[in-house]
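*Asks:* Curious how this folds, go ahead:
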Amino acid sequence: MATSRLLRTAGTVLTATALLVSGCSSGGSPSGAAASGQPTGGRTGVGGAGRDAATATLEPLPAAVPANLRPYYGQRLTWRECGIVDFECATMKAPLDYEKPEAATDLKLAVSRKKATGPGSRLGSLMVNPGGPGGSAIDYLQQYAPQPEAVRARYDMVAMDPRGVARSEPVSCLSNAQMDDYTRVDQTPDTDAEVDRLITAQRSFAQGCRTRTGARLGHVSTAESARDMDVLRAVLGDDKLTYVGASYGTFLGATYAGLFPSRVGRLVLDGAMDPSVPARTMNRDQTAGFNTAFTAFAKDCAKQRDCPLGTGGPDDAGRRLSALFKQLDAHPAPTGSSRTLTESLATSGVTAAMYDEGAWPVLREYLAQAQKGDGRGLLALSDSYYERDPDGTYANQMFANPAVNCLDLPGSFSGPDEVRAALPAFRKASPVFGESFAWAALNCAYWPVKPTGAPHRITAEGAAPILVVGTTRDPATPYPWARSLASQLSSATLLTYEGDGHTAYGRGSDCIDTAINTYLLEGTPPPPDKHCS
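*Replies:* Below is the predicted model of the structure:
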């Protein structure tokens, strides 16, 4: 999900983002599969003509930098102060279209770094990405990403906002007022008229992206962002890429490895996503993942004196929460402002709290408030999910997220009839969230740019050892995805965190942190299939 201002103030730092692949529902993150790169000319699309998309493998690009890209690889960055102590900022140029770098307009991509602090010899640059797609890597770096002191001492910490994100030629779709209306749209339509209103909202969102963003909307794929990362690697003077990617950032990192296996240094892919599954399966997997997280929350809630969902177990808690959603669908709750808490906003608020178990006490409090007719707490959680500031300003993550997802993968559904047919499977995956997640996944059906990617495997043959990390009860990037990605990558080691929440690094497990830090500093991955708690 979006990195949460509110949840940070409540004592929870949500450092990784994974919006649902449907876009403005999420993982996202957070989140869709990357477009592939064919071995000639850097063209996006699944490599290998005539292959079945589900079994295609991402093929590497040529090892030599093409002549028409050398000016980008040879550029020098002009570093400047950027208002935060010890951080520098710069702007890197990249071609809008890697197929036609001579003809296309250049993009200006924002970069930030914090130089290695010492002691010890410098190991190079460590690039980070928190996921989304659409999360600002620079915000993450400057606010939260500096890793343990031993890592900071040896690496220049570096972040680049991917194309279309935050400071890097951001995608734009709606005004703030229009976004307020969009987030309120009923995503559990009960009548044909409500379905029509949902489709109208999704069409208007997509058309707004086309109108406000223009040609850039067709050039924000994961494959293109991975190529931008390789340009930055070269500009920074590194022979190999060292990288920590969380959530959707694992798609980005794995795509880099598939396109440039010989340039892989030390890659940590935490909260891994699986590029081999189609969008509908990915949405359904995430729906089940959030159900797993809700079950864990409900079990914990039942042990607390202030549990607003009772002590009858997860099924009963789910029925009570569904009843609250139904009540809000009929009668939105006041919030002390001109905005009311609708069912859709309440759902996104509860979803936000599923990303980190540290938010569960806050969620209990806000659910109790909502049951008494006070929607302020859940609205605040929803605003945090959507990255809406108190002044009503939205960050661009909810615009960049579907822009990347709908380009990376064909949409989950082509129309409402397909959603209706899939509802039983989504409800089975989650009686609480299934219906809203399914309808939210319809958004790519109306996207104004055709997808350039398709499901595929990534093997990255010849790459140096890669560390894949999965959390067993991760809601946004379900644990089976980590197992799948680790099995695809030829040099991967799987590290497992037995626990709750989204991603594992830096969230309190000494076992996880030690294994990752050792890998980053010494290049030695943990033993195969190591488990931590």
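*Asks:* Verify the stated contact: Thr524 with Thr518.
*Replies:* Yes: if you go by C-beta atoms under 8 Å, Thr524 and Thr518 touch, sitting 6.1 Å apart. Heads up, the C-betas are built off the backbone N, CA and C, glycines and all.
*Asks:* Please report how far Pro119 lies from Leu217.
*Replies:* Distance, Pro119 to Leu217, using C-beta to C-beta, to the nearest Å: 47 Å.
*Asks:* For the residue lying closest to Ala272 once chain neighbours are set aside, grab the count of nearby residues.
*Replies:* Once flanking residues are discounted, Ala272 sits nearest to Ala482: 3.9 Å by C-beta to C-beta, 6 or more residues apart in numbering. When neighbours are defined as other C-beta atoms under 10 Å, Ala482 has 29 of them.
*Asks:* what's the helix or strand for Ala482?
*Replies:* Per DSSP states H and E, Ala482 falls inside helix 479-488.
*Asks:* With Lys93 instead?
*Replies:* Using DSSP H and E, Lys93 maps to strand 88-95.
*Asks:* Adjacent strands (with direction) for the helix or strand just after that strand?
*Replies:* Later in the chain than strand 88-95, the nearest helix or strand by DSSP H and E is strand 106-114. Note on strand 106-114: by DSSP bridges, its sheet partners are strand 88-95 (antiparallel), strand 155-160 (antiparallel).
*Asks:* Next SSE downstream of strand 106-114?
*Replies:* The helix or strand immediately downstream of strand 106-114 is strand 124-129, counting by DSSP H and E.
*Asks:* Which elements pack onto that next one?
*Replies:* Here strand 124-129 touches helix 137-143, strand 155-160, helix 222-235, strand 241-246, helix 248-259, going by 3 or more C-beta pairs under 8 Å, 6 or more residues apart in numbering; DSSP states H and E.
*Asks:* among the ones you listed, which is nearest Pro62?
*Replies:* Of all the helices and strands packed on strand 124-129, helix 248-259 sits nearest to Pro62, with 10.1 Å by C-beta to C-beta.
*Asks:* How far does that closest one sit from its chain's centre?
*Replies:* Relative to its parent chain, helix 248-259 has a centroid offset of 12 Å by C-alpha atoms, centre = their mean, to the nearest Å.
*Asks:* go on, stretch 228-239?
*Replies:* 23 Å.
*Asks:* Val185 - nearest residue in space that isn't next to it in sequence?
*Replies:* In this structure, Val185 finds its nearest non-sequential neighbour in Ala201, 4.4 Å apart by C-beta to C-beta, 6+ apart.
*Asks:* how about the helix or strand containing that neighbour: buried residues?
*Replies:* Here Ala201 sits within helix 192-213, counting by DSSP H and E. For helix 192-213, the buried set under the neighbour-count rule, 16 or more other C-beta atoms under 10 Å, comprises 194-195, 198-199, 201-202, 204-206, 208-209, 212-213.
*Asks:* Please apply the same query to stretch 124-144.
*Replies:* Within stretch 124-144, the residues scored as buried using 16+ other C-beta under 10 Å are 124-142, 144.
*Asks:* burial count for the closest residue in space to Leu69 that isn't next to it in sequence?
*Replies:* In space, and not counting its chain neighbours, Leu69 is closest to Pro101: 5.8 Å by C-beta to C-beta, 6+ apart. Pro101 has 18 neighbouring residues, counting by other C-beta under 10 Å.
*Asks:* residue ranges for the strands of the stretch 401-533 of the chain, please.
*Replies:* Applying DSSP state E, counting those that start in this stretch to the stretch 401-533 of the chain gives strands spanning 466-473, 492-500, 530-532.
*Asks:* elements contacting the shortest one?
*Replies:* Right, strand 530-532. Partner elements for strand 530-532 (3+ C-beta pairs under 8 Å, 6+ apart): strand 492-500, helix 510-522.
*Asks:* pretty sure Gly118 contacts Ala150?
*Replies:* No: counting by C-beta under 8 Å, Gly118 stays clear of Ala150, with 11.0 Å between them.
*Asks:* remind me which residues of this protein are low pLDDT?
*Replies:* For the chain, the stretches with pLDDT under 70 are 1-55, 145-147.
*Asks:* Repeat the analysis, applying 90 as the threshold.
*Replies:* When residues are selected by pLDDT under 90, those of the chain lie in 1-55, 102-105, 117-118, 143-149.
*Asks:* can you count the residues close to the closest residue to Glu387 other than its chain neighbours?
*Replies:* Once flanking residues are discounted, Glu387 sits nearest to Ala395: 3.8 Å by C-beta to C-beta, 6+ apart. Neighbour count of Ala395, defined by other C-beta under 10 Å: 21.
*Asks:* could you measure Ala395 against Ser175, distance?
*Replies:* On the measure of C-beta to C-beta, Ala395 and Ser175 end up 14 Å apart.
*Asks:* now swap in Thr287 and tell me
*Replies:* 30 Å.
*Asks:* Among these two, which residue is more densely surrounded?
*Replies:* Thr287 (29 against 12).
*Asks:* my guess is that one meets Gly434, correct?
*Replies:* Yes: Thr287 lies in contact with Gly434 (C-beta under 8 Å); the separation is 5.4 Å.
*Asks:* Report the set of residues contacting both of those two.
*Replies:* Residues touching both Thr287 and Gly434 by C-beta atoms under 8 Å, 6 or more residues apart in numbering: Phe426.
*Asks:* ok, back up a step: for Gly118 and Ala150, indicate the residue with more neighbours.
*Replies:* The neighbour count for Gly118 versus Ala150, taken as other C-beta under 10 Å, is higher for Ala150 (14 against 10).
*Asks:* tell me the contacts of the more buried one?
*Replies:* Each residue near Ala150 by C-beta under 8 Å, 6+ apart is listed here: 517, 521.
*Asks:* pretty sure it belongs to a strand, no?
*Replies:* No: applying DSSP: H, G, I helix; E, B strand; the rest coil, one finds Ala150 to be helix, outside a strand.
*Asks:* Tell me how far it lies from Ala64.
*Replies:* As judged by C-beta to C-beta, Ala150 and Ala64 stand 36 Å apart.
*Asks:* list the contacts for Met179?
*Replies:* Taking C-beta under 8 Å, 6+ apart as the test, what Met179 contacts is 173, 386, 388, 394, 398.
*Asks:* how far away is Pro119 from Phe325?
*Replies:* From Pro119 to Phe325 the distance is 55 Å (C-beta to C-beta).
*Asks:* Give me the nearest residue to Gly415, chain neighbours excluded.
*Replies:* Of all residues not flanking Gly415 in the chain, Ala445 sits nearest, at 6.1 Å (C-beta to C-beta, 6+ apart).
*Asks:* neighbours of the one you found, just the number please.
*Replies:* Using other C-beta under 10 Å, Ala445 has 20 other residues around it.
*Asks:* do the same with Tyr394
*Replies:* So Tyr394, with other C-beta under 10 Å, has 22 neighbours.
*Asks:* which residues does it contact?
*Replies:* 176, 179, 386-388.
*Asks:* Kindly state the beta-bridge partners for it.
*Replies:* Beta-bridge partners, per DSSP bridges, of Tyr394: Arg388.
*Asks:* list the contacts for the closest residue to Lys530 other than its chain neighbours?
*Replies:* Among residues not flanking Lys530 along the chain, Leu495 sits closest, at 5.4 Å (C-beta to C-beta, 6+ apart). Counting by C-beta under 8 Å, 6+ apart, Leu495 touches 467-470, 504, 512, 515-516, 525-526, 530, 532.
*Asks:* Against Thr335, how distant is Leu236?
*Replies:* Here the distance between Leu236 and Thr335 works out to 46 Å (C-beta to C-beta).
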